[in-house]
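Asker: Starting from these lines, generate the structure:
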Amino acid sequence: MPLINDELELLDSLVALDQHPSIVELGCGAAQLSRSLLARFPRCDVKALEVDERQHAKNLAKHQSGLHFLQAGAQAIPFPAGKFDLALMLKSLHHIPLDLMEQALGEVWRVLRPGGLLYVLEPVFAGTHNEIMRLFHDEEQVRAAALHSVQRAVASGAWQQAAEVFFDLPVRYRDFADFEQRLIGVTYLDHRLDANTLAAVRSRFEQHMSPDGAYFERPMRVNLLRKLQDC
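Answerer: Below is the predicted model of the structure:
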């Protein structure tokens, strides 16, 4: 698979961001891509939704023109129908409760204009990075459910799949402490690892350490969906 260093460049190549200025990001986390997007495409306006209270507070403390944060989930988007040109779900669909994924995609369909686009970026359950992650957070079931929800949405006739793209995303960590902070210490999940599990994760991680840190290539998948007229 191709190696993609600039996720924003890939996004723009698929959706033409200058033609889709009204954007909603669902499950934005720290909204790193949306912040980069606005720096490169300042005429865009992004409404960024995050359910985690602690992350939302951090987001509000870092103001940026054109970026507006709300504490809400994709299953209940607090905007009227047909408001947005583009919706982004960047590694967030698999975090939605399984019984609410279909509802969330229905909500995204509702708030998009006819012909609007949904960009779904999800990790593929494979690779050396994944083998470390699954020692303490096995996402096989939820990632499969996210893919199936996208496939069901297309099969329903409400969406057309405009593109499906697979690529590798490079990820670097300075050391295990960096990995632990970024992936084990996240605020939206409660990872309380016992000593044996933590030692196993550290051991597997340190097999990939070099003088320059640890390097991985994470396989990713993009599904780009276009909203069809009322069906």
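Asker: contacts and neighbour counts: CA atoms only from here.
Answerer: Noted.
Asker: CA atoms of the helix or strand harbouring residue 11 as PDB?
Answerer: Residue 11 belongs to helix 7-15 when assigned by DSSP states H and E. Taking C-alpha atoms only, helix 7-15 is exported to PDB below (Å, rounded to 0.1, in the frame of the first residue of the first chain):
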ATOM      1  CA  GLU A   7      -3.400  13.000   5.600                       C
ATOM      2  CA  LEU A   8      -4.700  16.500   4.700                       C
ATOM      3  CA  GLU A   9      -3.300  16.200   1.200                       C
ATOM      4  CA  LEU A  10      -5.100  12.900   0.700                       C
ATOM      5  CA  LEU A  11      -8.300  14.300   2.100                       C
ATOM      6  CA  ASP A  12      -8.100  17.300  -0.300                       C
ATOM      7  CA  SER A  13      -7.300  15.100  -3.300                       C
ATOM      8  CA  LEU A  14     -10.600  13.200  -2.600                       C
ATOM      9  CA  VAL A  15     -13.000  15.900  -1.600                       C
END
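Asker: hmm, who's touching that helix?
Answerer: Outside of helix 7-15, the residues within contact range by C-alpha atoms under 8 Å, 6 or more residues apart in numbering are 4, 17, 33, 36-37, 117, 163, 224.
Asker: Name the member of the residues you listed with the most neighbours.
Answerer: residue 117 (27 neighbours; other C-alpha atoms under 10 Å).
Asker: So which elements touch the helix or strand harbouring it?
Answerer: Using DSSP H and E, residue 117 sits within strand 112-123. For strand 112-123, the packing partners by 3 or more C-alpha pairs under 8 Å, 6 or more residues apart in numbering; DSSP states H and E come out as strand 84-90, strand 213-227.
Asker: what element comes up after that strand heading to the C-terminus?
Answerer: Per DSSP H and E, the first helix or strand lying C-terminal to strand 112-123 is helix 128-133.
Asker: Can you give me the pLDDT of residue 186?
Answerer: pLDDT for residue 186: 62.
Asker: ignore the last one, residue 193
Answerer: Listed pLDDT for residue 193 reads 82.
Asker: thinking again about what came up before, ok, the strand holding residue 117: who's next to it in the sheet?
Answerer: The pairing partners recorded for strand 112-123 under DSSP bridges are strand 84-90 (parallel), strand 213-227 (antiparallel).
Asker: looking at these, which is buried most?
Answerer: Stretch with highest mean neighbour count among the strands paired with strand 112-123: strand 84-90 (a mean of 23; mean count of other C-alpha atoms under 10 Å).
Asker: Could I get the full set of strands for the chain?
Answerer: Taking DSSP state E, the strands of the chain run over residues 22-26, 45-49, 67-70, 84-90, 112-123, 159-173, 209-210, 213-227.
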